[in-house]
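A.B. asks: give me coordinates for this.
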Amino acid sequence: MFRFNRYFLLVSLLFSIVIPFMSFEIQQDIPIVYNNAIPFPTNTDHLPIQTELININTEEQTNYWLLLLRITYGLITLILSYRFVQNIHKITSKAKVSKIIVHQNIRMVLLLEETLPYSFWNSIYMNQNDFENGLIEQELFTHEIAHVKQKHTLDVIFIEVLKTLFWFNPIFIFYKKAIQLNHEFLADENVIASHNDVYLYQNLLLNKFNISQPIYLTSNLNFLSTKKRLIMMTKITSKTKALMMQSLAVLGLLTIFLILAFKPLPLNSKKTIVIDAGHGGEDIGAQIGAEQEKKIVENIANKINLLNGKDEIEIILLRKDDSFIQLSERVSKINKINPSLVISLHINSSKNLNENGINAYVSKQNAFYEESKEKAENLVDKISNGKLARGEVKDANYFVLKNSKCPALLVEIGYLSNENDRTYLISENGQNEIANKIIEFIKI
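C.D. replies: Residues are numbered from 1 along each chain as shown. A predicted model of the protein is given here:
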């Protein structure tokens, strides 16, 4: 039962850490029929173009509370990490100034200080005078040898690392206590099996209790754990009861996993896509003469919404008109909707009038970075054609991209500063074709 408890505690910790990073999605492929395509006009309308280039950049909003939280976490974690390393050094450095011998194939570190025997890693630390004069009871030797041979220090270091990283979660404190107490049960079990005198061993522990000194990262005597150990030594658990308890523990863990880890969705549920037309209102974005980025992406967004059939996919526009929406408000709306994908529409511009083509951006700070990058690659491939050159997918920590709790990408559909791209982007035919391509990409 003690051995089962040891591995159950360790595996449950590993399980809880690994499982949030794993996801499995089961989808049903549905044939898509396009009945809402906008006919392309044969003639392209060319609007008057002025050569003046105006770049208006919207600064990202900084969430100072989040920044303060990250700094606080980093500082506390750094302090605890230093404390952890310092305590390991405090124990191991004693071996450098102490006499070391090998006894019963175990490394013994003989200290000048008054202390009860304790173990760390592959060594047992004890008072030199007590050892040389035979004042250390054999039961204590057996107890510490069990700690060394069963490599209990590995468990303690593992839980201490987790406590250092997740110091804000108090459950790790209880985990450490449970793991170390179980180590004592395992070592006591070894003593009783070797010496076969429970009451003598219990009396020995009680006699040593008053002179014990807590040592960080090692096994120590204290009132609560000693009391539990004394009770456990005389407690008899049948194999049937032990098996039932083990089964219930495993079933309990699996039940919690099954209840909390799955999100069942109906087969006919709609995929939700958020289209974020960039800029708006007083924020016009890039501008060449009378042509403004905010208006072009607004037109394309509305055409995408018009093209969409209402059966398979739900498209939500963050703005349908020339309204200004704060970046924080955009992110708040996106995270409330919890869509399958966010596509932020923008038009590029550059002082180099020869720069052209489609580029997309994704953020490494987004939890769905890999999926976002794959979708961005596919969208750039889909939209690029003879009139819009294929550009690159780049990393950029734009506010909407990094703070959206779903796959998110920003696509710059050509350069307003480039004459060929601009002619295509401002034309009704070009905007219709771009909207159709994005709909086709969404419905794949």
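A.B. asks: quick check: end-to-end length of stretch 111-131?
C.D. replies: Chord length of stretch 111-131, first to last residue, is 10 Å (CA to CA, to the nearest Å).
A.B. asks: list the buried residues in that stretch.
C.D. replies: By neighbour count with 16 or more other CB atoms under 10 Å, stretch 111-131 contains the buried residues 111, 115-121, 123-128, 130-131. For the C-beta atoms, the positions are set from N, CA and C on the backbone; glycine is no exception.
A.B. asks: quick one: it to chain centroid distance?
C.D. replies: Centroid separation for stretch 111-131 versus its chain: 41 Å, with CA atoms, centre = their mean, to the nearest Å.
A.B. asks: next one: stretch 77-92
C.D. replies: 25 Å.
A.B. asks: spit out the contact partners of Arg229.
C.D. replies: Contact analysis of Arg229 by CB atoms under 8 Å, 6 or more residues apart in numbering lists 181, 184-185, 188, 205.
A.B. asks: let's see 7 Å
C.D. replies: Counting by CB atoms under 7 Å, 6 or more residues apart in numbering, Arg229 touches 184-185, 188, 205.
A.B. asks: now the two most distant members of those residues.
C.D. replies: Farthest apart among the contacts of Arg229 by CB to CB are Phe185 and Leu205. That separation is 12.9 Å.
A.B. asks: in helices, which of the contacts of Arg229 fall?
C.D. replies: 184-185, 188, 205 (DSSP state H).
A.B. asks: export those residues to a markdown table and append columns for distance to Met1, neighbour count and pLDDT.
C.D. replies: Output for the ones in helices among the contacts of Arg229, formatted as a markdown table (distance: CB to CB, whole Å; neighbours: other CB atoms under 10 Å; pLDDT from 0 to 100):
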| residue | distance to Met1 | neighbour count | pLDDT |
| --- | --- | --- | --- |
| Glu184 | 14 | 23 | 89 |
| Phe185 | 9 | 19 | 90 |
| Asp188 | 13 | 23 | 89 |
| Leu205 | 21 | 20 | 81 |
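A.B. asks: and the helix or strand harbouring Thr240, what other elements does it pack with?
C.D. replies: Using DSSP states H and E, Thr240 sits in helix 239-261. The contact analysis (3 or more CB pairs under 7 Å, 6 or more residues apart in numbering; DSSP states H and E) places helix 239-261 against helix 2-18.
A.B. asks: kindly export the helix it packs on (C-alpha atoms) in CSV.
C.D. replies: This file holds the C-alpha atoms of helix 2-18, laid out as CSV (Å, rounded to 0.1, in the frame of the first residue of the first chain):
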residue,chain,number,x,y,z
PHE,A,2,2.9,2.4,0.8
ARG,A,3,4.6,1.7,-2.4
PHE,A,4,1.3,2.2,-4.3
ASN,A,5,0.9,5.5,-2.5
ARG,A,6,4.3,6.7,-3.5
TYR,A,7,3.8,6.1,-7.2
PHE,A,8,0.2,7.3,-7.1
LEU,A,9,1.2,10.7,-5.6
LEU,A,10,4.0,11.1,-8.2
VAL,A,11,2.0,10.0,-11.2
SER,A,12,-1.0,12.1,-10.2
LEU,A,13,1.3,15.2,-10.1
LEU,A,14,2.9,14.3,-13.5
PHE,A,15,-0.6,13.6,-14.9
SER,A,16,-2.0,16.9,-13.8
ILE,A,17,1.0,18.8,-15.3
VAL,A,18,1.0,17.1,-18.6
